[in-house]
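[1] generate a structure from the sequence data that follows.
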Amino acid sequence: MNPVPLLLLQLVAILGTARLLARLLQRLGQPPVIGEMLAGIALGPLLFGAVAPQAQAFLFAPASLAALQGLSQIGLVLFMFIVGAELRLPGGARRHLAAAGTTGLLSVLLPFALGLAISPLLHANFAPAGVGFWPFALFMAASMSITAFPIMARILKERGMTESAVGRLSLTSAALADVLAWIVLAFVVAMISKAAGWTGFAITVFGTAALAAFTFLVLKPLLARALARHGEAGRPSAGLLGLLLIGVFASAAITDALGLHAVFGAFVFGAALPRDARLLASLVERIEPVAVLVLMPVFFALAGLHTSADAFAGAGAVALLAVLAAAVFGKVLGGAAGARAAGLGWRQAFAVGSLMNARALMELIVMKVGLDIGVIGSEIFTMLMVMAIVTTLMTTPMLIAFTRGTAVSLAATNATSSSGNAP
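    Predicted coordinates:
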């Protein structure tokens, strides 16, 4: 079959399934991204491949996936650029930075420790050939430590809790926790992806540090001046938006060439943009629809193609339970302990822990990085994908349970009823 019509047919199947399941999950009170993640699983070997193996093999033949891979990479880079631009401390957060630091640190350290604890079992049974214990264990620990900051922000906004004590502490803690977790992940990626020994590792680390320094110390003030001159009301002109996209892709290409994943460069470039709400709104309006509604479902579909039914056979069932336990208990208890130490009551503290437990798309990005550099195989990839979906599905029901009957819950109800249905 001609590759162009096949690509269009693939996009119809991917986007149609993603929209259908996103709408269904939204009606059930869940973030639409969960439906899109489930669409990736549905189109992979676990469902479509099991029900109609010949049709699935034809539609997603390995030889036909190069174009989808390219679209997926572009979507991933654009999404991480938006995440970097969105990552900021909420209003008044600087007054509570110590409390947020404690909460964020505990919400990383506890799942990190539990990830290390389960790694001997996972490495013995599921690590790819030639992957040493410590790179594998550190990657698993880092993957347990991620929080989905964008999804958390959307959940809090939909429930009218962004400016509540729980919301402010959760958002600030998640921002700090994700920066720490991504630094650890970058270290692990640099450690395993360089076969040139310590010299290659040093080039990766110092090259990335140089890129970050150049971006923040040189590019950031230049971007601020350009936006002030060519960004009316914070909205960049078409020419300036084109230059911003060139910068995003250039940064992504540099970190990829340095041995890190392209997502790191896109994230750093986004984080270097001026913290202007009008600029962010413009970027979300002009870039996010294409990245999130069109390109990211392609990423989910390709992720689903990498899942394996063998992940649940034999020792896989025990390993999956271990992954879920480490992820859930680590994040919920770590976040709750930090929030309790910050002075919140137990119910509010566990509400914070529940929010920190959301992983969603950010976990899938981490998984894809691990798969791309060869530190995990399809079995661990499948377990982490299940974990990402389960932990995110838990977030809203747990948040409702821990805030039911409180002033926060009443405020959320009033905000929802006055603003209509959340998008």
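
[2] so for this protein, the centremost residue is which one?
    When CA atoms, centre = their mean is applied to the chain, the residue found nearest the centroid is Met362 (0.9 Å).

[3] any idea how far that one is from Val375?
    According to CB to CB, to the nearest Å, Met362 and Val375 sit 17 Å apart. Quick note: C-beta positions are derived from backbone N, CA and C, even for glycine.

[4] any idea which helix or strand carries the residue nearest to the centre of the chain?
    helix 360-373 (DSSP states H and E).

[5] name the helices or strands packed onto that helix?
    helix 32-43, helix 66-86, helix 133-144, helix 149-158, helix 165-193, helix 296-305, helix 378-403 (3 or more CB pairs under 8 Å, 6 or more residues apart in numbering; DSSP states H and E).

[6] make JSON lines out of the ones you listed and add mean neighbour count.
    Listed next are the helices and strands packed on helix 360-373 as JSON lines, based on neighbours: other CB atoms under 10 Å:
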{"stretch": "helix 32-43", "mean neighbour count": "24"}
{"stretch": "helix 66-86", "mean neighbour count": "21"}
{"stretch": "helix 133-144", "mean neighbour count": "23"}
{"stretch": "helix 149-158", "mean neighbour count": "21"}
{"stretch": "helix 165-193", "mean neighbour count": "23"}
{"stretch": "helix 296-305", "mean neighbour count": "26"}
{"stretch": "helix 378-403", "mean neighbour count": "22"}
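
[7] could I get those as TSV with distance to Leu59 and mean pLDDT?
    Compiled in TSV, those are given as follows (distance: least, CB to CB, whole Å; pLDDT from 0 to 100):
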stretch	distance to Leu59	mean pLDDT
helix 32-43	8	90
helix 66-86	11	89
helix 133-144	30	91
helix 149-158	29	81
helix 165-193	32	81
helix 296-305	10	90
helix 378-403	19	93
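
[8] nearest to Ala336, out of these?
    Closest to Ala336 of these is helix 378-403 (CB to CB; 9.3 Å).

[9] ramachandran angles for Leu273?
    phi -70, psi 150 (degrees, to the nearest 10).

[10] quick one: the helix or strand harbouring Ala18 to helix 32-43, angle?
    In this structure, Ala18 sits in helix 3-27 according to DSSP H and E. Angle of helix 3-27 versus helix 32-43, following axes from the mean of the first three to the mean of the last three CA atoms, to 10 degrees, is 130 degrees.

[11] how many degrees apart are helix 3-27 and helix 296-305 in direction?
    Going by the same axes, to 10 degrees, helix 3-27 makes 90 degrees with helix 296-305.

[12] any regions of the stretch 151-300 of the chain where pLDDT drops low?
    193-198, 200 (pLDDT under 70).

[13] for Leu11, see how far away Val298 is.
    For Val298, the distance to Leu11 - CB to CB - is 7 Å.

[14] quick one, what contacts the closest residue to Leu47 other than its chain neighbours?
    Take Leu47 and drop its neighbours on the chain: the residue closest to it by CB to CB, 6 or more residues apart in numbering is Ile41, 6.5 Å away. By CB atoms under 8 Å, 6 or more residues apart in numbering, the contact set of Ile41 is 47, 304, 307, 385, 389.

[15] same check on Leu245?
    Neighbours of Leu245 in contact, by CB under 8 Å, 6+ apart: none.

[16] tell me which helix or strand it sits in.
    Going by DSSP H and E, Leu245 is part of helix 238-257.

[17] extract the CA atoms of that helix and return them as CSV.
    What follows is helix 238-257, C-alpha atoms only, in CSV (Å, rounded to 0.1, in the frame of the first residue of the first chain):
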residue,chain,number,x,y,z
ALA,A,238,4.4,35.1,13.5
GLY,A,239,8.0,35.7,12.7
LEU,A,240,9.0,35.6,16.4
LEU,A,241,7.0,32.5,17.0
GLY,A,242,8.9,30.9,14.1
LEU,A,243,12.2,31.9,15.8
LEU,A,244,11.0,30.4,19.1
LEU,A,245,10.2,27.1,17.4
ILE,A,246,13.6,27.1,15.7
GLY,A,247,15.2,27.5,19.1
VAL,A,248,13.1,24.7,20.6
PHE,A,249,14.1,22.3,17.9
ALA,A,250,17.8,23.4,18.0
SER,A,251,17.9,22.9,21.7
ALA,A,252,16.3,19.5,21.4
ALA,A,253,18.8,18.5,18.6
ILE,A,254,21.7,19.6,20.8
THR,A,255,20.7,17.5,23.8
ASP,A,256,20.0,14.6,21.6
ALA,A,257,23.5,14.9,20.0
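
[18] and the next helix or strand past that helix?
    helix 262-271.

[19] what is the subsequent helix or strand relative to that next one?
    helix 277-286.

[20] can you list the buried residues in that following helix?
    Of the residues in helix 277-286, 279-280, 282-283 count as buried by neighbour count, 16 or more other CB atoms under 10 Å.
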